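Could you look at this predicted model? Sequence included:
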Amino acid sequence: MRILVTGGTGFTGTALVERLCQAGHSVVALDYKEGLACEALRAMGAEVIIGSVTDQAAVERSMKGVEFVFHLAAAFRELNVPNAFYDEVNVGGTRIVMEAALRAGARKFLYCSTCGVHGNIDRPPAGEDAPIRPADYYQRTKYEAEPLVKQLGAGRIETVIIRPAAIYGPGDPERFFMIFKRVAKGTFPMFGNGRTLYHPLYIDNLVDSFLLCMPPGAGNGREYLIADEDYYPIEHIVREVANALGVSVKIPHYPVWPVVAVGHVVEKLCRPFGLTPPIFPRRVDWYRQNRAFDITRAKRELGYAPKIPLPEGLRRTGQWYREKGYL
């Protein structure tokens, strides 16, 4: 099958493209800039096209002959851009890719959203029908693209929406790296009581869920929360990282609300100068917003079964950080 993966040179995209190439598919990876992964993807046999999902010409070029679209590209941690940039990429870009897929006669379109559309989970665990309460412009725009995909695709193309939890694993230099880095130093400052719930998602488990959506009819018209089997208090995750690295860690506790206030102030002060703030509200949310999900629907309807548990996932991730010199 000829398959397009937007955001195909990013962390998640690279892992997906690799699995698709291994399965014998013809894969096109579209991304907005050359990255370290590009040459590796080309060596696997993937075609890499450099261009934004907001560039209709680039999207049309990448869509030729495509039967299945994995739309992963998104504005995510773009801190030095106006909020309108998130609308342009996450909503406008999704429209451009979806309309191109329809013109190309693709049979299926998978849109990668985020569990963040549900905001803070008051009564964990939350299922797909939990209230939609995005807490920031990233989460808001990711959700706004969900009904857009369904509306454009109705009766014309199969659609599936995946809402991943907190993705981590080898190949990702950002998401869990701050946890590993602090733990490796022997002290992890914990703001708040450490009992906030967090639901990790190992990269291989996520890719498994993507592949389960590929057969005709699988997940058509449905949304799925995808996560590992279990969720945990964040202090437990910190201690599991220490176990994975074979180190001991001290976890002193501090009040969280002063850090929340500082995060808002620092972000506003840095924005006019184009600086990346060392602390900002979404980073602080890790300490105070519950993320815990019920993955029963994906298990029942897709046959999803997360294979890599947290200790093994953290062990593999820590080993990769060390091998690459991050720790």
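Good, I have the coordinates. Numbering: from 1, shown residues only.

Name the residues of stretch 125-133 that are buried.
For stretch 125-133, a neighbour-count test (16 or more other CB atoms under 10 Å) marks 125, 126, 128, 130 as buried. Where C-beta positions appear, they are placed from N, C-alpha and C, glycine not excepted.

now the end-to-end length of it.
Stretch 125-133 has an end-to-end distance of 15 Å (criterion: CA to CA, to the nearest Å).

Name the residues that touch it?
Residues external to stretch 125-133 that are found in contact with it (CB atoms under 8 Å, 6 or more residues apart in numbering): 117-121, 143, 163, 199, 222-225, 231, 292-294, 296-297.

Give me the buried subset of those residues.
Using 16+ other CB under 10 Å as the burial test, the contacts of stretch 125-133 include 117-119, 121, 143, 163, 199, 222-225, 231, 292-294, 297 as buried.

Would you map the helices across the stretch 51-200 of the chain?
56-62, 84-86, 93-104, 137-153, 177-184 (DSSP state H, counting those that start in this stretch).

Please state the offset of the last one from the chain centre?
In terms of CA atoms, centre = their mean, to the nearest Å, the centre of helix 177-184 is set 20 Å apart from its chain centre.

I'd like to know the average pLDDT value across it.
Average pLDDT, helix 177-184: 95.

Could you pull out the buried residues of the helix or strand harbouring residue 205?
In this structure, residue 205 is located in helix 203-212 according to DSSP states H and E. By neighbour count on 16+ other CB under 10 Å, the buried set for helix 203-212 is 203, 204, 205, 206, 207, 208, 209, 210, 212.

same deal with stretch 27-39?
Burial within stretch 27-39, assessed by neighbour count using 16+ other CB under 10 Å, is assigned to 27, 28, 29, 30, 31, 32, 35, 37, 38.

any idea which of these is the one closest to residue 82?
residue 32 (17.1 Å; CB to CB).

give the contact list for the closest one.
50, 51, 52, 53, 73.

from memory the fourth one sits against residue 6, does it?
Put plainly, it is residue 53. Yes: the pair residue 53 / residue 6 is scored as a contact, 5.4 Å apart, by CB atoms under 8 Å.

Find residues that contact each of the two.
Common neighbours of residue 53 and residue 6 (criterion: CB under 8 Å, 6+ apart): 30, 71, 73, 97.

If you rank the residues you listed by neighbours, which is first?
residue 30 (29 neighbours; other CB atoms under 10 Å).

Just the element for that one, please.
Residue 30 belongs to strand 26-31 when assigned by DSSP H and E.

tell me what the next helix or strand after that strand is packed against?
Counting by DSSP H and E, the element after strand 26-31 in chain order, helix or strand, is helix 37-44. Where contact means 3 or more CB pairs under 8 Å, 6 or more residues apart in numbering; DSSP states H and E, helix 37-44 is packed against helix 11-22, strand 47-50.

Quick one: closest of these to residue 78.
By CB to CB (comparing all of the helices and strands packed on helix 37-44), the closest turns out to be helix 11-22, at 15.3 Å.

coming back round to it: as TSV, the helices of the stretch 51-200 of the chain with distance to residue 301 would be great.
Below are the helices of the stretch 51-200 of the chain laid out as TSV (distance: least, CB to CB, whole Å):
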stretch	distance to residue 301
helix 56-62	30
helix 84-86	30
helix 93-104	23
helix 137-153	17
helix 177-184	32
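
Of these, which stretch is the most buried?
Burial of those is given as mean neighbour count (mean count of other CB atoms under 10 Å); helix 93-104 ranks first at a mean of 20.

what inclination does that one have with respect to helix 137-153?
If you take axes from the mean of the first three to the mean of the last three CA atoms, to 10 degrees, helix 93-104 sits at 20 degrees to helix 137-153.

was I right about residue 72 contacting residue 14?
No: applying CB under 8 Å as the test, residue 72 and residue 14 come out as separate, 10.2 Å apart.

ok now stretch 196-206, how far from the chain's centre?
Counting by CA atoms, centre = their mean, stretch 196-206 comes out at 10 Å from the chain centroid.

ok, residues contacting it?
Contact partners of stretch 196-206, identified using CB under 8 Å, 6+ apart, comprise 11-12, 15, 115, 121, 124-125, 164-172, 226-228, 231-234, 237, 286-293, 306-308, 310, 313.

send the alpha carbons of the helix holding residue 205 over as PDB?
Coordinates of each C-alpha in helix 203-212 appear next as PDB, following Å, rounded to 0.1, in the frame of the first residue of the first chain:
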ATOM      1  CA  ILE A 203       6.100   4.600  21.400                       C
ATOM      2  CA  ASP A 204       5.900   1.000  20.200                       C
ATOM      3  CA  ASN A 205       2.500   0.600  21.900                       C
ATOM      4  CA  LEU A 206       1.300   3.700  20.000                       C
ATOM      5  CA  VAL A 207       2.500   2.500  16.700                       C
ATOM      6  CA  ASP A 208       0.800  -0.800  17.300                       C
ATOM      7  CA  SER A 209      -2.500   1.100  17.700                       C
ATOM      8  CA  PHE A 210      -1.900   2.900  14.400                       C
ATOM      9  CA  LEU A 211      -1.400  -0.300  12.500                       C
ATOM     10  CA  LEU A 212      -4.500  -1.900  14.000                       C
END
